[in-house]
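Student: output the structure for:
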Amino acid sequence: PSELSPTYTVTLSYQLPRHPKVYVVDPVLDPGDGRKLPHVYSGDRLCLYSKGEWNWSMHIADTVLPWAAEWLFHYELWLVTDRWAGGGHLYTSGPGP
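Tutor: This is a model prediction of the structure:
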């Protein structure tokens, strides 16, 4: 997400008609202090957009992947400030879109 960031490895799975699912596999997302990760669905799947903001006609490389990088940028800020600056709903639960 930035020049000062560690390198993140993500995995993306996608099968029509479902939405893409993005997970960070390395390094493990763990603030190490008991805080619950913000903006993730069950299984720590990244919450990258709200219902209706992405559809199958949109290119994943132009939408979902840059959104994942932006999510990681906000994650790094959250680690330091304990404030999620990425918008949306602070904590997400359930299966997601």
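
Student: any idea which helix or strand of this protein has the worst average confidence?
Tutor: The helix or strand of the chain with the lowest confidence, counting by mean pLDDT, DSSP states H and E, is strand 40-41 at a mean of 92.

Student: run the chain-centre distance for whatever helix or strand comes next after that strand.
Tutor: Remark: after strand 40-41, the chain's next helix or strand is strand 45-46, criterion DSSP states H and E. Distance, stretch centre to chain centre, for strand 45-46: 5 Å (C-alpha atoms, centre = their mean, to the nearest Å).

Student: what is strand 45-46 packed up against?
Tutor: Counting by 3 or more C-beta pairs under 8 Å, 6 or more residues apart in numbering; DSSP states H and E, the packing neighbours recorded for strand 45-46 are strand 21-26. To be clear about C-beta, it is placed using only N, CA and C from the backbone, and glycine gets the same treatment.

Student: so, low pLDDT: which residues of this protein?
Tutor: Along the chain, the parts satisfying pLDDT under 70 run over 89-97.

Student: please enumerate the helices of it.
Tutor: 64-81 (DSSP state H).

Student: within the sheet, what are the partner strands of the least confident helix or strand of the chain, with directions?
Tutor: Sheet pairing of strand 40-41 (DSSP bridges) gives strand 45-46 (antiparallel).

Student: other residues contacting the partner strand?
Tutor: Residues outside strand 45-46 that contact it (C-beta atoms under 8 Å, 6 or more residues apart in numbering): 10, 21-24, 39-40, 68, 71, 96.

Student: residue 88: which of those residues is nearest?
Tutor: residue 39 (6.2 Å; C-beta to C-beta).

Student: grab the nearest non-local neighbour of the closest one.
Tutor: Excluding its sequence neighbours, the residue lying closest to residue 39 (C-beta to C-beta, 6 or more residues apart in numbering) is residue 47, at 4.2 Å.

Student: surely residue 38 touches residue 84?
Tutor: Yes - with contact defined as C-beta atoms under 8 Å, residue 38 counts as touching residue 84 (4.6 Å).

Student: looking at those two, which has the bigger crowd around it?
Tutor: residue 38 (20 against 16; other C-beta atoms under 10 Å).

Student: can you tell me how far the more buried one is from residue 58?
Tutor: 24 Å (C-beta to C-beta, to the nearest Å).
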